[in-house]
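**Student:** My questions concern the predicted model and sequence given below.
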Amino acid sequence: MKKPVATVGISFVLTACFTVGTGAQPLGGAFGFAELSDISRECIDCHRVDNPGLYEQWGDSRHYRANVGCYECHAADRSDTDAFLHYDRMISIIVSPADCARCHATEVAQFTASHHSKAGRILGSLDNVLAEVVEGNRGMVTEGFPMGVSAAAVSGCWQCHGSEVKVLPDGRLDPATWPNTGIGRINPDGSEGSCTACHSRHTFSAAQARYPDTCGKCHMGPDHPQKEIYEESKHGIAFFANQHKMNLDSPKWIVGEDYSAAPTCATCHMSATSNQDVTHDVGMRISWNNRPAISIRPEVADAKMGLPGANVPWQQRRNNMKDVCLNCHNTQWVDNFYVQYDGLIELYNEKFARPGLELYALAKPLKRSTAFANRIDFVWFEIWHHEGRRARHGASMMGPDYTHWHGMYEVAKNFYSEFIPELEELIEKGKVSGDSEKIRAAEALESKLAKVLASDDHKWFLGRMSPEEAATRKKAVEEFRKRYDQ
Amino acid sequence: MKKPVATVGISFVLTACFTVGTGAQPLGGAFGFAELSDISRECIDCHRVDNPGLYEQWGDSRHYRANVGCYECHAADRSDTDAFLHYDRMISIIVSPADCARCHATEVAQFTASHHSKAGRILGSLDNVLAEVVEGNRGMVTEGFPMGVSAAAVSGCWQCHGSEVKVLPDGRLDPATWPNTGIGRINPDGSEGSCTACHSRHTFSAAQARYPDTCGKCHMGPDHPQKEIYEESKHGIAFFANQHKMNLDSPKWIVGEDYSAAPTCATCHMSATSNQDVTHDVGMRISWNNRPAISIRPEVADAKMGLPGANVPWQQRRNNMKDVCLNCHNTQWVDNFYVQYDGLIELYNEKFARPGLELYALAKPLKRSTAFANRIDFVWFEIWHHEGRRARHGASMMGPDYTHWHGMYEVAKNFYSEFIPELEELIEKGKVSGDSEKIRAAEALESKLAKVLASDDHKWFLGRMSPEEAATRKKAVEEFRKRYDQ
Amino acid sequence: MKKPVATVGISFVLTACFTVGTGAQPLGGAFGFAELSDISRECIDCHRVDNPGLYEQWGDSRHYRANVGCYECHAADRSDTDAFLHYDRMISIIVSPADCARCHATEVAQFTASHHSKAGRILGSLDNVLAEVVEGNRGMVTEGFPMGVSAAAVSGCWQCHGSEVKVLPDGRLDPATWPNTGIGRINPDGSEGSCTACHSRHTFSAAQARYPDTCGKCHMGPDHPQKEIYEESKHGIAFFANQHKMNLDSPKWIVGEDYSAAPTCATCHMSATSNQDVTHDVGMRISWNNRPAISIRPEVADAKMGLPGANVPWQQRRNNMKDVCLNCHNTQWVDNFYVQYDGLIELYNEKFARPGLELYALAKPLKRSTAFANRIDFVWFEIWHHEGRRARHGASMMGPDYTHWHGMYEVAKNFYSEFIPELEELIEKGKVSGDSEKIRAAEALESKLAKVLASDDHKWFLGRMSPEEAATRKKAVEEFRKRYDQ
């Protein structure tokens, strides 16, 4: 890893390397080096024996074909914080995006403008409190963390979000912070991100990065099961049955030209179409940010984080995505799909997220002040952070099971049979607390809860369906019973 | 989409097309058209540019080889409700089973006799109440649903079960009802089903339909994880490691002739053996219907739904399945397997489902009358609809983790530690309600619960194991502890 | 299946067969038979017609190439308990490890020394009580179990752990005990295990056994999701995208020589490196046994079970594993990884497992004495047996989602919001029970619980964070909120 500005001693790289891989300017012309450097040959003499798998992976890479060897990437400047002397050569272990940018400037610039590169900035999020305080302790003491650090953060959060890599005095990397390929890793040179999060060492293959499982390293599990949703969707079904037709190794890889059997995650969110270049900013085609409790538009999120995407409205991003869709679907299909997707987001936002957030805020004075010290904290957290996201992501990618059973069903179940009873208990306890402030808070919460439950969205829970609707439902149920004997 | 009877203007298709794909009458002879129609050539002129992926998928299909082009399937009659004029040609977007039947009559007839084609008839089921009332609201207003419709049904239930497609005055399809490839889709021509549910557009490939992930579009998740069970089973393990030996593209695809490395879902439930033709009625080889709270025989379910399968007893269907099994297993193996499977069904039915249903019915007067307005509604629903099915499906396909950990363990856990406590609470509340009707109901429920718990199946819960059994268990546990220090 | 000592009538096998497959003595030289035996030819005459799939699988095997036919494996001695006469030949259905050992002695010896082969000894474990008593009943009556047996054990536990196979008087196998390929199956000849658990019939392929899904037959699900963790990890990601480079069919299959694209389960736990032979004892490279509530060292577990591994300390096993890692990673990487892994184990052990076990033991006099007759039994069981294992296994294989969301998050959530409230309820009830013994027990539990919660690991729950830490956290949360508007 080198400081972005450091070029002394490694200027040979800059001379020989051309920017590659932009869609606008397709591959071609001179590229790479005429032959492998003598220094890299020296590296190989040992590492081919000590780490034969690593050596072979590199041998299977485009880097090998371009004579980009060990030293071309791992060379370091004496002033680099993580530089160390290794058999007379200054090298560093971490190759940061700033290093990769010397040849792949466009890709790194796009990536650096994306949420992906900022994933390390989770300090202070609820997730972080969980891993550091609730799940964790300070029992993991390393040279870099003499006061201790939470092993749950080290092996959990940080492995996806990225660690802040600490360099020890002798140039080694603190074991709590590395190994780490989190996509938002904060590197010793201050750059954010890790290209090997997707382009795994030491093949750095585009094909690997296009493979859906790569994204599934992080985009899976109870809180954002994009991988599982993709696998359920028609897109994933078509991909796994037709991998041999996907031409994943093609440098150009334009949908509708180089392949058409199925889209992968990359196809829709990053890769080239006949109208769009590939981009390493994954947010440029999404029209909802479904991360928060209430879904927002991506440019709003970008503005908060100071990203250039603040100036790219969701409509433009949606058009970018539609351009991908149209390769295999007609206009009416695509437009109708977005009506369905928006409908689900609105349902979740309005029926559950907005009133839920308000009720949860009103409950605050009635519960222990520490986050996650109350059962209701977990209940509400999972409603929006786990189940609500599953529903929204499910709808975004047409995985009906995640939209419904893993999503809205769980949201509704826990809203009515866990969240509301917990609120009712807090109200009861508050009212008999003898503490005038708590009594007031309990009354305010009670009044709001009554209002929510009496609203059109929730009055069924009180048995207040309109007689017509109730009659219609009853008849439907009876007919169904006759049919299926349930 | 055309009305099944409409042949004016498209009679050329009927002339040229022969029934294909029945096992009894294998492929051969003249088939398809001598050349691609001029009208289809016109379609292609634009769509190869506007939707290149779609065009290429079709180019990769057997339809292409048979000169079956865009217009051959999408041609519509002026009288079709969803017909519209598109550059001087009457076409429709939806190609319904009635359309496919013009060439694939046998397959559509089989499919139409199956439960698959009736999946859209869920109106009135508990699942439907969930999506429409509990999870949903009427916030999604479209031209076809001026009073609103639940987005949870649109993007959830309907995507597997099928929507009732609504055609708008201008021939467009209402966005709440389409895009939709639900297997029981109710089409504008009244036909039920969607062939593209499995034979994905626009390759319509048999290989794709034979691939297990295709079934996994719907047969997965908490309530019927057949895909996950298959993946755990020896069958799935063998398939994924040996895909290259599966010969999935073979038109004939007879197990034991064309492939032997592994069975897919299709192999066992649909595809040809040397003794049986392929069938598109997926119910003809199953001997239990594990959908309801208590498993029933498939002919009983068929009778209720008015399907011809009412006349096909389970024994005959089981023999059909055994004919598949015997390709790779011996008779004793197969017979013994069915003893194991039946044993699990009986255990679940008798120990949990039957008493559970009775207790739940007795609890009715003691809880809020609206379905899912009580916590116990979710608890009981998940016991039979989620966990109980997982156990039964797990046993049917030999996925032990689903039989036990995801299945019977969850059934038992929730029966004893959620369902019974909820019943006890209802009894307590009922007894002190001062309402004579409720008091009577509470006493009836209490008496039944006591009887259930005192039965041989449940008396362990009260600590009433026979002394011999208790002693045996204690000894076993002690020996285990010594061995494993648990 | 033959008794290990029985060689009469089958000595021809011993004469012609050489030990194969040990890494130390690679394949080569004469092996197998010059031609297929006449008896096996007779078997084939019928079975090629009756069970063509089975016949073709064998035809695809190395056994076929070595002229090892049906009779070479299935031949039985008249004195074998499961021998029966089949068209004038004494055969048995089960081919046990003792049978396989006649050609594959080294592999069977290694396997027999491993935990794998002892998996049938679960009688008396909590899992077993669950399946037999809590989930099960004695409703499944077979000839071998006239008093009945639990169908949940038959189709659940036993399918992974192995059944104790019962031979009926006529030589048939009791259907409750077979079909069964559980890895610790107790065979009629007294040998333990089933080689076909991994080397599926009738190809017995090494490639199949090296494929990760094979291990996933059992190593998956809520209590030990190794398959799911592998799929999330960089290792699994690389494997599934690069299967075509894995050379899985290679007999030698040395990592770094024959393949380098990815490791499978076998690579790390069993297969050869340039320094280590392949081993069929899967415990020789693991440095933690994460099965019990508190993780222990593998040699401790081996000693308890009387296995030779008692003499192989964890440090040696860890060095074995590091030898694998170093093929693709450098020394610092590997050493640092183990710091991370150990850190997570210590966190789980010290913060949750140790105090949890103590509290649970103190709660014993306050609850119903039958295991799993109390809600808290399930709560505590899942904390260590399900969630705690997921966290530990997640860290061991670098699957951060399993370490955190499926693991430590669930451990912490259920510890604080289920386990502690259940303990508090037991304390309250005990204190007002009027039973002096219970009152004493409740006071002891109360005192211990207070001590646990006041400890550094748990005091946050009581809001007793140090002012500095609280201030730091508050600031971090505020900055995060500003950034993300959560």
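**Tutor:** That came in fine, so what should we check first?
**Student:** The helix or strand hosting residue A:381 packs against which elements?
**Tutor:** Using DSSP states H and E, residue A:381 sits within helix A:375-381. If you count contacts as 3 or more C-beta pairs under 8 Å, 6 or more residues apart in numbering or on different chains; DSSP states H and E, helix A:375-381 packs onto helix A:354-363, helix A:420-431. In this view, the C-beta of every residue, glycine as well, is placed from N, C-alpha and C.
**Student:** contact partners of that helix?
**Tutor:** With C-beta atoms under 8 Å, 6 or more residues apart in numbering or on different chains as the test, helix A:375-381 has contacts from A:126, A:356, A:360, A:363, A:367, A:371-372, A:414, A:418-419, A:422-423, A:426, C:413, C:417, C:421.
**Student:** at 10 Å what do you get?
**Tutor:** A:126-127, A:130, A:134, A:223, A:293, A:356-357, A:359-360, A:363, A:366-368, A:370-372, A:374, A:385-386, A:414-415, A:417-423, A:425-426, C:409, C:412-414, C:416-418, C:420-421 (C-beta atoms under 10 Å, 6 or more residues apart in numbering or on different chains).
**Student:** all helices for the stretch 51-200 of chain A, in order.
**Tutor:** A:52-59, A:62-65, A:70-74, A:97-100, A:105-112, A:126-129, A:151-152, A:158-161 (DSSP state H, counting those that start in this stretch).
**Student:** is the fifth one anywhere near chain C?
**Tutor:** Which is helix A:105-112. No. Using C-beta under 10 Å from any C-beta of the partner chain, we find that helix A:105-112 stays clear of chain C, coming within 16.7 Å at best.
**Student:** gap between that helix and the chain center?
**Tutor:** 18 Å (C-alpha atoms, centre = their mean, to the nearest Å).
**Student:** For the closest residue to residue A:157 other than its chain neighbours, give me its contacts.
**Tutor:** Spatial nearest neighbour of residue A:157, excluding adjacent residues (C-beta to C-beta, 6 or more residues apart in numbering or on different chains): residue A:131 at 4.9 Å. By C-beta under 10 Å, 6+ apart, residue A:131 lies in contact with A:122, A:125, A:150-158, C:403-404, C:408-409, C:412.
**Student:** how does it look with 8 Å?
**Tutor:** So residue A:131 contacts A:150, A:152-153, A:156-157, C:404, C:408 (C-beta under 8 Å, 6+ apart).
**Student:** Also residue A:393?
**Tutor:** A:224-226, A:229, A:290, A:399, A:402.
**Student:** State the pair within these that is farthest apart.
**Tutor:** Across the contacts of residue A:393, no pair lies farther apart than A:290 and A:399, at 13.5 Å, counting by C-beta to C-beta.
**Student:** neighbour-wise, which of those two wins?
**Tutor:** residue A:399 (31 against 20; other C-beta atoms under 10 Å in any protein chain shown).
**Student:** was I right about that one contacting residue A:233?
**Tutor:** Yes. Applying C-beta atoms under 8 Å as the test, residue A:399 and residue A:233 come out as touching, 4.9 Å apart.
**Student:** what comes up buried for stretch A:87-103?
**Tutor:** For stretch A:87-103, burial by neighbour count (16 or more other C-beta atoms under 10 Å in any protein chain shown) applies to A:89-103.
**Student:** Send over the helix holding residue A:381 as PDB, restricted to the C-alpha atoms.
**Tutor:** Only the C-alpha atoms of helix A:375-381 are listed here, as PDB (Å, rounded to 0.1, in the frame of the first residue of the first chain):
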ATOM      1  CA  ARG A 375     -37.100  -6.700  24.700                       C
ATOM      2  CA  ILE A 376     -39.100  -4.200  22.500                       C
ATOM      3  CA  ASP A 377     -35.800  -2.800  21.200                       C
ATOM      4  CA  PHE A 378     -35.100  -6.200  19.500                       C
ATOM      5  CA  VAL A 379     -38.700  -6.500  18.300                       C
ATOM      6  CA  TRP A 380     -38.800  -3.200  16.600                       C
ATOM      7  CA  PHE A 381     -35.300  -3.500  15.300                       C
END
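**Student:** Find me the pLDDT at residue A:171, would you?
**Tutor:** Listed pLDDT for residue A:171 reads 88.
**Student:** pretty sure it is in contact with residue A:86, am I right?
**Tutor:** No. Look at residue A:171 against residue A:86 with C-beta under 8 Å: they stay out of range, at 9.1 Å.
**Student:** hang on, the earlier thing: tell me which of the helices and strands packed on helix A:375-381 sits nearest to residue A:163.
**Tutor:** The nearest among the helices and strands packed on helix A:375-381, by C-beta to C-beta, is helix A:354-363 at 31.3 Å.
**Student:** what's the model's confidence in that closest one, averaged?
**Tutor:** Averaged over helix A:354-363, pLDDT sits at 98.
**Student:** And it, what does it pack against?
**Tutor:** So helix A:354-363, by 3+ C-beta pairs under 8 Å, 6+ apart, packs with helix A:375-381, helix A:420-431, helix A:436-454.
**Student:** Need the helices and strands packed on helix A:375-381 in a markdown table (columns: mean neighbour count).
**Tutor:** As requested, the helices and strands packed on helix A:375-381 are exported to a markdown table (neighbours: other C-beta atoms under 10 Å in any protein chain shown):
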| stretch | mean neighbour count |
| --- | --- |
| helix A:354-363 | 19 |
| helix A:420-431 | 18 |
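**Student:** In a markdown table, list those helices along with distance to residue B:116.
**Tutor:** Output for those, formatted as a markdown table (distance: least, C-beta to C-beta, whole Å):
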| stretch | distance to residue B:116 |
| --- | --- |
| helix A:354-363 | 38 |
| helix A:420-431 | 38 |
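**Student:** Nearest to residue C:339, out of these?
**Tutor:** helix A:354-363 (38.9 Å).
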